[in-house]
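Student: need coordinates for the following:
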Amino acid sequence: MSKQKTPFRNHQFETSLFNQRVIVAFLFMLVAIGGLVFNLYHLQVRNHDRYQVRSNRNRIKIIPVAPNRGLIYDRNGVVLAQNIPVSTLELTPAKIDDINATLASLQKLLNLSDHDIAKFKKLMHRTRSTKPITLIEQMSEEQIAKFSVNQFHYNGTNINAYLERYYPYGESLTHVLGYVGKINDRDIRTLKKDNRYTNYEGTHAIGKLGIELYYESTLHGKSGYQKVEINSHGRIVRTLDYVAPIPGKDIKLNIDLGLQLYAYNQLKIKKENPITHKMEDYHRRGSIVVLDPRDDSVLAMVSSPSYDPNLFVHGISSKHYNALLNNPDLPLLNRTTLGIYPPGSTVKPQIAVAALSEKVITPNTTTNFPGWWRIPHSKSRKFRDDIRWGHGQVNVVKAIEKSVDTFFYQVAYDMGIDRLSTWMNKFGYGKPSGIDIREESPANMPTRDWKHTNYHQAWYKGDTIPVGIGQGYWTATPMQIAKATAVIADEGIVHRPHLLKSVMEDGKFKPIIFKDFPQVNHTKKQYWNLAKEGMHRVIVSGTARKLFQNLAYEAGGKTGTSQVFGLDKGEEYNSEEVAEHLRDHALFTSFAPLDKPKVLVAAVLENAGWGKYAAPIGRNIMDYVLINPKISLDHT
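Tutor: Numbering: from 1, shown residues only. Okay, here's the model as predicted:
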């Protein structure tokens, strides 16, 4: 067998192939490195700023810093609304691996109730997971200590300390101060609409009612911020920058705290509890307004019954809120500015001035009705006086003094509703008083158009007659009654009732001047004097004489009875035989001293029976102000 020859290896070919592979590999590596360099350039140079921002977002956080809310003082510098430190426990669900396990652990550690956990979970479902949610509103010292020791176990969980609003005098000032409450979705929509939302980031509460709402922009201040570096657990490592917030401005009110408390207690009586049969404090339904008629600054403003505003600061429970909402005595209602009542005979001095100015009557006009009045030349119903046989010969001063209805029936008939409503508008009826809180009703000064719009009926002469004694379709708030009385006391000058006295500017309280309304012009001084003389005689010899004996000063006043329901023909009113909620309201308005008045009181007692029952309140408060040396009525 012949031997087969082995072919020789082609080294040149193999070398060429190897070199080709090396070149391809090199080119591939070159492209890869080029791509890597290009991508590195793209990341580090072209998009440096973009990715730097994203990186910073992960480790740098901007935390809003809420401003301290301005304090509220009374006219003498007593703090009425203050800020107290509180600590809350907040959880951020997005930073917690197992939220349920964390909640169970915290419940055991901090002795929380099932209700606390359920409330948190309810909030969690309504809030973005990246937002902190409050688990505990007010931590006790023991809870703070326990959590601080164990905090390292709980990622995404922090104690947040801030200042919370507190009202030391509780329910006695609720309808003046109002209250602050948690910022809700409605508040957020309003703030965004007004381009104010960024100034409220980090803020827990906002003014909801009263002074707290009306002067929110003054009291709130301006938010600051701190730029911080955080670690992977969301905890602050260091502060990079800090811009301090600007605190809200302190304000001083015209309210005198001592007088406010005294007036509030005027509506408090002892009453037997039908269940326990023990005597307990009972707050009568009513309102008291105390003004300085020289500028209509509000010295006291009481609505009873009331409620504790502190319940609303960090969220009132449904149980407590429903109890207030369903209370038949309506404690949530600010009766001073939202309570509407027929003003009754308190308006007779104003009607007298209007009738004199319109030449409907003269200072010498007299009437002599037999205890009743009827529309002339008609067989309509008889409008009766309070005295069956009448008051005899009556002029305008005596008509005010004795509160003679028949005199004012005739005046109303002669004036007509058009002139009556026009003149009463000048005294402030039928429109807001202008007081610096938003919760105010204009009540109603009836006109022909008003009746046509609301009842689709014409205005009849018989509709005008009860308006002449403050009844019929006419309604007013206690604040309007006080303001109208101040116009009499100040002889035609119409001030704006106001609670604010001054605002802190550069370390000093700067007085605030409120612009007056147009004056009641084209009225002789004699007419004002006649109205004031009639009111003076009410105190000396008229419907309030027994309650104002041994007075240390001269005063003017006017009783009023506000009817709740009408009587049938021939039926007589007896308050003792009528269910309490159907009894007449008692009204009284007064001012003193008679010459250059310094204090004015308007009081309304719901379902008290007769106007004279409100008069002792006026007497007590005027005594308190004019005889008490602690009361200062300066205008500085």
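Student: Ala94 contacts Thr130, correct?
Tutor: Yes. The pair Ala94 / Thr130 is scored as a contact, 4.7 Å apart, by C-beta atoms under 8 Å. Yep, even glycine has a C-beta here, placed from its N, CA and C like the rest.
Student: who has more neighbours, these two?
Tutor: Between Ala94 and Thr130, counted using other C-beta atoms under 10 Å, the more crowded position is Ala94 (13 against 9).
Student: contacts only, for that one.
Tutor: With contact taken as C-beta atoms under 8 Å, 6 or more residues apart in numbering, Ala94 is in contact with Ser129, Thr130, Gly156.
Student: how about Ile351?
Tutor: Taking C-beta under 8 Å, 6+ apart, we find Ile351 in contact with Phe408, Val411, Ala412, Leu420, Trp423, Met424, Gly468.
Student: and the fourth one, backbone torsions?
Tutor: When you say that, I think you mean Leu420. Note on Leu420: its backbone torsions stand at phi -60, psi -50 [degrees, to the nearest 10].
Student: any idea how far it is from Ile512?
Tutor: Going from Leu420 to Ile512 by C-beta to C-beta, to the nearest Å gives 35 Å.
Student: top strand in this structure by residue count?
Tutor: In the chain, taking DSSP state E as the definition, the longest strand is strand 79-91.
Student: can you give me how far whichever helix or strand comes after that strand is from the chain middle?
Tutor: Next helix or strand after strand 79-91 toward the C-terminus (DSSP states H and E): helix 99-110. Chain-centre distance of helix 99-110: 39 Å, with C-alpha atoms, centre = their mean, to the nearest Å.
Student: just the angle between the very next helix or strand once past helix 99-110 and helix 99-110, please?
Tutor: Beyond helix 99-110 on the C-terminal side, the first helix or strand identified by DSSP H and E is helix 114-126. Calculated by axes from the mean of the first three to the mean of the last three C-alpha atoms, to 10 degrees, helix 114-126 forms an angle of 150 degrees with helix 99-110.
Student: buried set for helix 114-126?
Tutor: Neighbour-count burial for helix 114-126, counted by 16 or more other C-beta atoms under 10 Å, picks out Asp116, Ile117, Lys119, Phe120, Met124.
Student: below-threshold pLDDT in the stretch 501-636 of the chain: ranges please.
Tutor: For the stretch 501-636 of the chain, the stretches flagged by pLDDT under 70 are 565-581, 610-611, 630, 634-636.
Student: where do the helices sit along it?
Tutor: Here the stretch 501-636 of the chain has its helices, by DSSP state H, counting those that start in this stretch, at 525-540, 615-627.
Student: closest one to His220 among these?
Tutor: helix 615-627 (33.8 Å; C-beta to C-beta).
Student: what helices and strands are in contact with the closest one?
Tutor: Counting contacts by 3 or more C-beta pairs under 8 Å, 6 or more residues apart in numbering; DSSP states H and E, helix 615-627 packs against helix 257-266, strand 286-292, strand 556-562, strand 585-592, strand 599-605.
Student: any idea which of the ones you listed gets closest to Ile60?
Tutor: Closest of the helices and strands packed on helix 615-627 to Ile60 is helix 257-266, at 48.0 Å (criterion: C-beta to C-beta).
Student: same question for the closest one, mean pLDDT?
Tutor: Averaging pLDDT along helix 257-266 gives 97.
Student: go on, stretch 286-301?
Tutor: Here stretch 286-301 scores 97 as its mean pLDDT.
Student: centre of the chain versus that stretch, how much separation?
Tutor: Its chain's average C-alpha position is 17 Å from that of stretch 286-301, according to C-alpha atoms, centre = their mean.
Student: and the end-to-end length of it?
Tutor: End-to-end span of stretch 286-301 (C-alpha to C-alpha, to the nearest Å): 11 Å.
Student: what residues of it count as buried?
Tutor: Result for stretch 286-301 [16+ other C-beta under 10 Å]: buried residues 286-301.
Student: re earlier: partners of the longest strand of the chain, with directions?
Tutor: When pairing is defined by DSSP bridges, strand 79-91 lines up against strand 72-73 (antiparallel), strand 133-136 (antiparallel), strand 157-166 (antiparallel).
Student: lowest average confidence, helix or strand, in the chain?
Tutor: Of all helical and strand segments in the chain, the minimum by mean pLDDT, DSSP states H and E falls on helix 48-59, at a mean of 60.
Student: out of the helices of the stretch 501-636 of the chain, the one nearest Val237 is which?
Tutor: Relative to Val237, the nearest member of the helices of the stretch 501-636 of the chain by C-beta to C-beta is helix 615-627, separated by 60.6 Å.
Student: what angle do helix 525-540 and the closest one make with each other?
Tutor: In terms of direction (the same axes, to 10 degrees), helix 615-627 departs from helix 525-540 by 110 degrees.
Student: before we move on, the earlier item: for the helices and strands packed on helix 615-627, could you give me JSON lines that also reports distance to Ala615?
Tutor: Converted to JSON lines, those look like this (distance: least, C-beta to C-beta, whole Å):
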{"stretch": "helix 257-266", "distance to Ala615": "12"}
{"stretch": "strand 286-292", "distance to Ala615": "12"}
{"stretch": "strand 556-562", "distance to Ala615": "6"}
{"stretch": "strand 585-592", "distance to Ala615": "5"}
{"stretch": "strand 599-605", "distance to Ala615": "8"}
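Student: returning to that earlier point: farthest-separated two in the buried residues of helix 114-126?
Tutor: Across the buried residues of helix 114-126, no pair lies farther apart than Asp116 and Met124, at 12.6 Å, counting by C-beta to C-beta.
Student: that's all I had, so thanks and see you.
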